[in-house]
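Chemist: no sequence on this one, just coordinates:
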């Protein structure tokens, strides 16, 4: 039987169970949709079945997991999931080890895990320090120094999405996350019914941002101005990261990073203006390279440290 490592991504919408070699290269994968109606229990059943299939054909050495929520690294228990019920104080590490016949299991949150994948095998390869930020339904971050994850006190750290943009309570996540951008686009269309966004956003609740770039390319100046505002606000949040840790590279991942160069260039330009002069021009801002593989590849690296 082939000797492999297993990497698991447990997200709010998607579950991945991959096998990989001793260089964290993905060999095979199982992908599932997270059924919120079944909660954490349903997800665990999906993972358990995938593990049985993997172990039937392979000699698994260790398992790494990127979990979509804060975890206690000392106990291996999840604190909670902000998207799926059934994960409050769950002994994920011990449960997975039992499912896999006592194998070693290493878990971390998904943003940290993606940061490790991108730093070692993606857009941050060969750089240090590397700060990774995921712009998805929420906003999370991870810091990698000399190829190793930075960890603060348990249960979490580098929660860039919760950085406040004002004393009144607005956070980076409430202004610049995927759901926040969707809300802002809906409000814009209501006020500007002639926008090219009006038709594709009709009857839609979620995922509006996927039409944003097309509207800009069609000459919607309001949509362009909103992108400029989001880049400026996001860069302001990142300026705190630069002032505190001064990473060499900042990597943008998650669904909103699919906006590509308009987002990357806008953030990099605004960041240069938001930081103190002695630090200018600031870190290189890059788009993630691993895309959907960032968490699974990072999870394989976690497994390699355990096996």
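Modeler: Okay, I see it. As the structure is a computational prediction, the values presented were derived from the model and not from experiment.

Chemist: Next, count neighbours for the closest residue to residue 234 other than its chain neighbours.
Modeler: Nearest residue to residue 234 in three dimensions, chain neighbours excluded: residue 176, at 4.6 Å (Cβ to Cβ, 6 or more residues apart in numbering). Where C-beta positions appear, they are placed from N, C-alpha and C, glycine not excepted. Neighbours of residue 176 under the rule other Cβ atoms under 10 Å: 26.

Chemist: again with residue 81
Modeler: Neighbour tally, residue 81, other Cβ under 10 Å: 22.

Chemist: what's it in contact with, if anything?
Modeler: By Cβ atoms under 8 Å, 6 or more residues apart in numbering, the residues touching residue 81 are 12, 40, 67, 68, 69, 87.

Chemist: what helix or strand does it sit in?
Modeler: Under DSSP states H and E, no helix or strand contains residue 81.

Chemist: pLDDT score for it?
Modeler: Listed pLDDT for residue 81 reads 91.

Chemist: Okay, strands next: where are they in the stretch 1-150 of the chain?
Modeler: Taking DSSP state E, counting those that start in this stretch as the test, the strands found in the stretch 1-150 of the chain are 2-10, 14-20, 26-33, 58-67, 71-72, 77-78, 105-109, 130-135, 139-145, 148-149.

Chemist: quick one: strands adjacent to the last one?
Modeler: When sheet partners are counted by DSSP bridges, strand 148-149 sits next to strand 139-145 (antiparallel).

Chemist: and if you look at the third one?
Modeler: Paired with strand 26-33 in the same sheet, following DSSP bridges, are strand 14-20 (antiparallel).

Chemist: neighbouring contacts of the strand it pairs with?
Modeler: 4-9, 26-34, 43, 46-47, 50-51, 54, 58, 60, 292, 295-297, 299-300, 303.

Chemist: tell me the angle of it relative to strand 2-10?
Modeler: 160 degrees (axes from the mean of the first three to the mean of the last three Cα atoms, to 10 degrees).
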